[in-house]
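>>> whatever this is, show me its structure:
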Amino acid sequence: MSETTFAIIDTEPVAIEGLRCLLAVERGLRVLAAENCLAAGVEAVHDLLPDVVVLDKAFGLQSVLEALRELRLPETGVRAVIWGASVSDAEGLRLLHAGAAGVVRKTASLEMLLDCFSTVASGANWMENGISSAGRPVRSGRLPLTVRELQIVDLVERGLTNRDIARELGISTGTVKIHLKHIFEKTGVRGRYGLALCGLKEKGILPAQEAVM
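Okay, here's the model as predicted:
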């Protein structure tokens, strides 16, 4: 059995020790580094190149997104799992889009947590329950999407709100809602997060079946 190595970057020393103890009793899992400072943790990951880095969302969403960019995940081969006491649908989608391979809450069961780590270490992506069901693929609708509708789908996949999308495209939030209504009618997908998940699956960011537990 090959060994899977981990780095833990968390705001709480108690959480670090708890996770370290959990991984220590599992065969084939080893913690290489544990830091409660984000900058020190990113540096340790660059130096040690663990298979998986577990990163606490409590550092702040923007800081975590920047850390994902700094870790240069495609280049290093390190797989990132973001965990936190609270992770919204939109945040989870933004994290996946930014390069995270797993998103899980700290309230997850030990079995679910280990399942997440195992799936991510194997090269697949994983997301805990809480994201809306995806429905049918985005591009399989009866009518093709317009250029503007495709732009809006892309922004939804990035986790932007209607207000953010309106600001990005220079249109009103009311117009965004109308476009979304047409997109849902054309694709048969229900809900903005279902739409986003379909797009992530099509792009290979999120596997079609096993990614959402």
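>>> only C-alpha atoms from now on, for both contacts and neighbour counts.
Noted.
>>> can you show me the strands along the protein?
Using DSSP state E, the strands of the chain run over residues 4-9, 29-35, 52-56, 79-84, 102-105, 126-127.
>>> need those strands in JSON lines with distance to Arg94, mean pLDDT and mean neighbour count, can you?
Output for these, formatted as JSON lines (distance: least, Cα to Cα, whole Å; pLDDT from 0 to 100; neighbours: other Cα atoms under 10 Å):
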{"stretch": "strand 4-9", "distance to Arg94": "19", "mean pLDDT": "96", "mean neighbour count": "24"}
{"stretch": "strand 29-35", "distance to Arg94": "24", "mean pLDDT": "95", "mean neighbour count": "19"}
{"stretch": "strand 52-56", "distance to Arg94": "15", "mean pLDDT": "97", "mean neighbour count": "26"}
{"stretch": "strand 79-84", "distance to Arg94": "11", "mean pLDDT": "94", "mean neighbour count": "24"}
{"stretch": "strand 102-105", "distance to Arg94": "10", "mean pLDDT": "90", "mean neighbour count": "25"}
{"stretch": "strand 126-127", "distance to Arg94": "12", "mean pLDDT": "81", "mean neighbour count": "24"}
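>>> how far does the longest helix anywhere in the chain sit from its chain's centre?
When the chain is parsed with DSSP state H, its longest helix is helix 173-187. Distance of helix 173-187 from the chain centroid (Cα atoms, centre = their mean, to the nearest Å) equals 25 Å.
>>> list the buried residues for that helix?
173, 176, 179-180, 182-184, 186-187 (16 or more other Cα atoms under 10 Å).
>>> which residues are in contact with the closest residue to Lys177 other than its chain neighbours?
Excluding its sequence neighbours, the residue lying closest to Lys177 (Cα to Cα, 6 or more residues apart in numbering) is Asn162, at 7.3 Å. Contact analysis of Asn162 by Cα atoms under 8 Å, 6 or more residues apart in numbering lists 173, 176-177.
>>> and the pLDDT at Asn162?
At Asn162, the model reports a pLDDT of 89.
>>> mind checking how far the residue positioned nearest the centre of the chain is from Ser86?
By Cα atoms, centre = their mean, the chain has its centre lying nearest to Leu96, at 2.8 Å. As for Leu96, its distance to Ser86 is 16 Å (criterion: Cα to Cα, to the nearest Å).
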